[in-house]
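*Asks:* fold the following, please.
(one chain, ligands or ions: 5)
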Amino acid sequence: MPGSEMKGARTRVKTTALVALVVFSLLLIFLCALLIRTYTFSPGVAGDQRWASGHPPAHAGDFSPREKQRMLAAFKAALRIRTVSSGEPQHNNTALEEFGLHLSKAFPAVFSSSVVQHETVANYSHLFTVRGSNSSLQPYLLTAHLDVVPAVAGEWEVPPFSAEERGGFIYGRGTLDDKLSVMGILQGLELLLNRGYTPQRSFYIGIGHDEEVGGNSGAKNIASVLLSRGVTIAFLLDEGSAILEGVIPGLEKQVAVIATSEKSSATIGLTVTTASGHSSMPPKETSIGILAAAVSKLERNPMPRMFGQGPERGLFEHLTPQLSFPLNMVMANLWLFGPLISRMLEKKPSTNSLVRTTTAVTEFHAGIKANVIASSARATVNFRLHPAHRLDELLQQVQHIISDERVKIEVLQSDPPIPMSSYADDAFGYQLIKGTIGNIFPEAVITPGLCTASTDTKHYRNITTELYRFTPMILKEEDISRVHGANERLSVRGYEEVVQFYFRFIQNSDS
Ligand SMILES: *[C@@H]1O[C@H](CO)[C@@H](O)[C@H](O)[C@H]1NC(C)=O
Ligand SMILES: *[C@@H]1O[C@H](CO)[C@@H](O)[C@H](O)[C@H]1NC(C)=O
Ligand SMILES: *[C@@H]1O[C@H](CO)[C@@H](O)[C@H](O)[C@H]1NC(C)=O
Ligand SMILES: *[C@@H]1O[C@H](CO)[C@@H](O)[C@H](O)[C@H]1NC(C)=O
Ligand SMILES: [Zn+2]
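*Replies:* Numbers count the residues shown, from 1 in each chain. Ligands and ions are numbered 1, 2, ... in the order given. All right, here's what the predicted structure looks like:
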């Protein structure tokens, strides 16, 4: 090696070492900055305690053994009624009627109280008006739905409409979605009325009968009844979120997620039309092949990550103080680690749905005969939009991914955007829900978040912008697949907690 080159190489080595040193010091400073931020990070979790446990309730939820036994029996009887939606025919009207009858038998105090007015809406849905003693307090609305999705009996350990109890769990379609709320809300009120409690703040209870097929009869009509009466409510509490245990990676504690927004749904139809013909002289590409390729492209190219652009940001910011190092550092510095977290979350379907608009190919129809080239093929794709994702953007992206003029794209259905409700310190509904969670589930960390499914909530948009989704139940990772799946179950203790929650909630709203 000639001398001059040697010298050059030595200089390069020196320069490299210097650069490394500078970079290293910078990294150190940077790391310190991160750590400081991690340990001083305070998203204001404490919030406003005005509606929390400050006042002891007039009635503690110390239900007698006889009351517990009765409430359990009423819940089980509700589970045995086959109020299935989306079967063929779409509803079992006999079962829907039977359910209404069951409510009136199970909750005699609610149905006979002079402060409660009951009416059926759209034949099978129910609206209860509870008149509080102080008309200057703005009312609120509790909602739930009494219908359930079908159950394939063969997949279950016990018959899905038996309400059989095993190992401390009640099994049955609707235990988690959503008969626990229907029965829990009314049971809570029943027990309060039995104790002579008179609510000060008025409230409504809306029970829909067709949520699982869109709620276009039940919730929609309940909402229009309220609108036609000029009712304005402070907030709504519906299903759609819960207390999660072991679902969020890196977090052992229970996390109560009050969903302040939900993903909206859009359904897109894809159609390919080609010439028909005999299968003995097929063209190079058939309608089925073209459409299959398009659908496959959509599955292989998920929608972009949008983590951090919607209410899920609030969720992870609230969780930061609960995490241990280094996860807390990562979470406190979402501006830097957002993409990394997205990649971690997208590994599981349950958390992937927080990160992006999801793509689900739900229908594929083509062909009429084994030896005939299908002249047309049609597929349906259901997207659940991240709150920061606009429909026109989505359509452009779909078009770009498919990049095939032969595939016709049309929007079959789309929800209007859903508001992001407040979780500020002065948000009455949010703080009331939060305070009551703190009473009944003191272990849980409470945070705002995103509901990844679609609920009846959307029908109530015109009545209030403060829409919250939370069911007072603890869900473990394995429970999530039981919702709409096999072996849906809730522990006996879990049902008691649901009743406790509403029993306390109504009282807290008055204090
Ligand atoms: C419809 O409901 C009635 C009353 O609950 C029940 O006896 C019947 O089996 C149900 N029919 C179906 C198809 O589930
Ligand atoms: C209620 O039932 C009646 C009689 O079956 C029917 O004509 C009517 O359309 C139903 N109303 C609603 C809102 O479904
Ligand atoms: C009714 O509520 C208002 C507003 O909170 C309060 O100022 C008033 O004192 C209450 N009236 C009664 C009789 O409790
Ligand atoms: C809410 O009001 C708007 C404007 O009046 C109307 O177009 C829309 O259909 C209503 N939405 C619901 C869910 O009632
Ligand atoms: Zn539901």
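*Asks:* got the domain boundaries for the chain?
*Replies:* Each domain of the chain is listed here as a residue range: 65-245+419-508, 259-414, per automatic domain parsing.
*Asks:* wait, isn't L103 in contact with L186?
*Replies:* Yes. Here L103 reaches L186: they are 6.6 Å apart, a contact under Cβ atoms under 8 Å. From N, CA and C alone the C-beta is placed, and that goes for glycine too.
*Asks:* need the domains of the chain in CSV with mean pLDDT and distance to E252, can you?
*Replies:* Compiled in CSV, these are given as follows (pLDDT from 0 to 100; distance: least, Cβ to Cβ, whole Å):
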stretch, mean pLDDT, distance to E252
domain 65-245+419-508, 95, 8
domain 259-414, 88, 9
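*Asks:* select, out of those domains, the one closest to ligand 3.
*Replies:* Between ligand 3 and the domains of the chain, the tightest spacing by Cβ to the nearest ligand atom is seen for domain 65-245+419-508, at 3.7 Å.
*Asks:* between the two ends of the closest one, how far is it?
*Replies:* Across its full length, domain 65-245+419-508 reaches 24 Å between end residues, using Cα to Cα, to the nearest Å.
*Asks:* coming back round to it: between L103 and L186, which one's more packed in?
*Replies:* L186 (27 against 20; other Cβ atoms under 10 Å).
*Asks:* tell me the residues of this protein that contact ligand 3?
*Replies:* Neighbours of ligand 3 within the chain, by Cβ under 6 Å from any ligand atom: 134, 136-137.
*Asks:* tell me the residues of this structure that contact ligand 4?
*Replies:* If contacts are counted using Cβ under 6 Å from any ligand atom, the residues of the chain sitting beside ligand 4 are 223, 459, 461-462.
*Asks:* name the nearest residue to the residue of the stretch 251-400 of the chain found nearest ligand 5, ignoring sequence neighbours.
*Replies:* Nearest residue of the stretch 251-400 of the chain to ligand 5 (Cβ to the ion) works out as E262 at 12.1 Å. For E262, the nearest residue in space outside its immediate sequence neighbours is C451; the separation is 3.9 Å by Cβ to Cβ, 6 or more residues apart in numbering.
*Asks:* roughly how far does that neighbour sit from H365?
*Replies:* 31 Å (Cβ to Cβ, to the nearest Å).
*Asks:* between the two, tell me which one has more neighbours.
*Replies:* C451 (26 against 12).
*Asks:* for R70, phi and psi?
*Replies:* Summarising the backbone geometry of R70 under the convention degrees, to the nearest 10, its torsions are phi -70, psi -40.
*Asks:* also A259?
*Replies:* Phi and psi for A259, reported as degrees, to the nearest 10, are phi -80, psi 120.
*Asks:* state the distance from it to ligand 1.
*Replies:* With distances taken as Cβ to the nearest ligand atom, to the nearest Å, A259 is found 32 Å from ligand 1.
*Asks:* kindly report the same for H484.
*Replies:* In this view, H484 and ligand 1 are 18 Å apart by Cβ to the nearest ligand atom.
*Asks:* near the closest residue to that residue other than its chain neighbours, how many other residues are there?
*Replies:* The shortest distance from H484 to any residue that is not its chain neighbour, by Cβ to Cβ, 6+ apart, is 5.2 Å, and that residue is V149. Each residue near V149 was counted by other Cβ under 10 Å, and the total is 18.
*Asks:* am I right that V149 is in contact with E211?
*Replies:* No. Counting by Cβ under 8 Å, E211 is not a contact partner of V149; they are 9.8 Å apart.
*Asks:* phi, psi of K220?
*Replies:* Per-residue torsions, K220: phi -60, psi -40 (degrees, to the nearest 10).
*Asks:* now the strands for the stretch 101-250 of the chain?
*Replies:* Along the stretch 101-250 of the chain, counting by DSSP state E, counting those that start in this stretch, strands occupy 116-121, 125-130, 140-145, 165-166, 169-171, 203-208, 236-238, 243-245.
*Asks:* one more: the stretch 301-450 of the chain?
*Replies:* Using DSSP E, counting those that start in this stretch, strands in the stretch 301-450 of the chain cover 358-366, 372-373, 376-385, 408-414, 445-451.
*Asks:* for the ones you listed, which one ends up most surrounded?
*Replies:* The highest mean neighbour count among these belongs to strand 445-451 (a mean of 24), with neighbours defined as mean count of other Cβ atoms under 10 Å.
*Asks:* partner strands of that one and their direction?
*Replies:* Take DSSP bridges as the rule and strand 445-451 pairs in its sheet with strand 254-262 (parallel).
*Asks:* just want the angle from the partner strand to strand 376-385.
*Replies:* With axes from the mean of the first three to the mean of the last three Cα atoms, to 10 degrees defining the directions, strand 254-262 sits at 120 degrees from strand 376-385.
*Asks:* so what does the following helix or strand past strand 254-262 touch, helix or strand wise?
*Replies:* Stepping forward along the backbone from strand 254-262, the first helix or strand reached (DSSP states H and E) is strand 264-273. Secondary structure elements in contact with strand 264-273, counted by 3 or more Cβ pairs under 8 Å, 6 or more residues apart in numbering; DSSP states H and E, are helix 287-300, strand 376-385, helix 391-402, strand 408-414.
*Asks:* quick revisit: most neighbours, which of the residues of the chain next to ligand 3?
*Replies:* L137 (16 neighbours).
*Asks:* that one is in contact with R201, isn't it?
*Replies:* Yes. Counting by Cβ under 8 Å, L137 sits close enough to R201 to count as a contact (4.1 Å).
*Asks:* overlap in contacts of the two?
*Replies:* D510 (Cβ atoms under 8 Å, 6 or more residues apart in numbering).
*Asks:* so what does D210 look like in phi/psi?
*Replies:* Dihedral angles phi and psi of D210 (degrees, to the nearest 10) take the values phi -140, psi 30.
*Asks:* how near is it to L96?
*Replies:* Taking Cβ to Cβ as the criterion, D210 is separated from L96 by 9 Å.
*Asks:* residues in contact with both of the two, list them for me.
*Replies:* 124, 147.
*Asks:* okay, these two: which has more neighbours?
*Replies:* More neighbours surround D210 than the other of D210 and L96, with 26 against 23 (other Cβ under 10 Å).
*Asks:* list the contacts of the more buried one.
*Replies:* For D210, the contacting residues are 85, 90-91, 124-125, 145, 147, 216-219, taking Cβ under 8 Å, 6+ apart as the criterion.
*Asks:* residue of the stretch 101-250 of the chain closest to ligand 1, please.
*Replies:* Nearest to ligand 1 in the stretch 101-250 of the chain, going by Cβ to the nearest ligand atom, is F161, at a distance of 8.2 Å.
*Asks:* tell me which element F503 falls in.
*Replies:* Assigned by DSSP H and E, F503 falls within helix 492-508.
*Asks:* quick one: buried residues of that helix?
*Replies:* Along helix 492-508, the positions that meet the burial threshold by neighbour count (16 or more other Cβ atoms under 10 Å) are 494-508.
*Asks:* now the angle from it to strand 125-130?
*Replies:* Here the directions of helix 492-508 and strand 125-130 differ by 50 degrees (the same axes, to 10 degrees).
*Asks:* what's helix 492-508 packed up against?
*Replies:* In this structure, helix 492-508 packs against helix 65-80, strand 169-171, helix 179-194, helix 428-440, with contacts taken as 3+ Cβ pairs under 8 Å, 6+ apart.
*Asks:* name the member of the residues of the chain next to ligand 4 with the most neighbours.
*Replies:* In terms of neighbours by other Cβ under 10 Å, the residues of the chain next to ligand 4 top out with A223 at 26 neighbours.
*Asks:* for that residue, which residues are in contact?
*Replies:* Under the criterion of Cβ under 8 Å, 6+ apart, the neighbours of A223 are 206, 459-460, 462-463.
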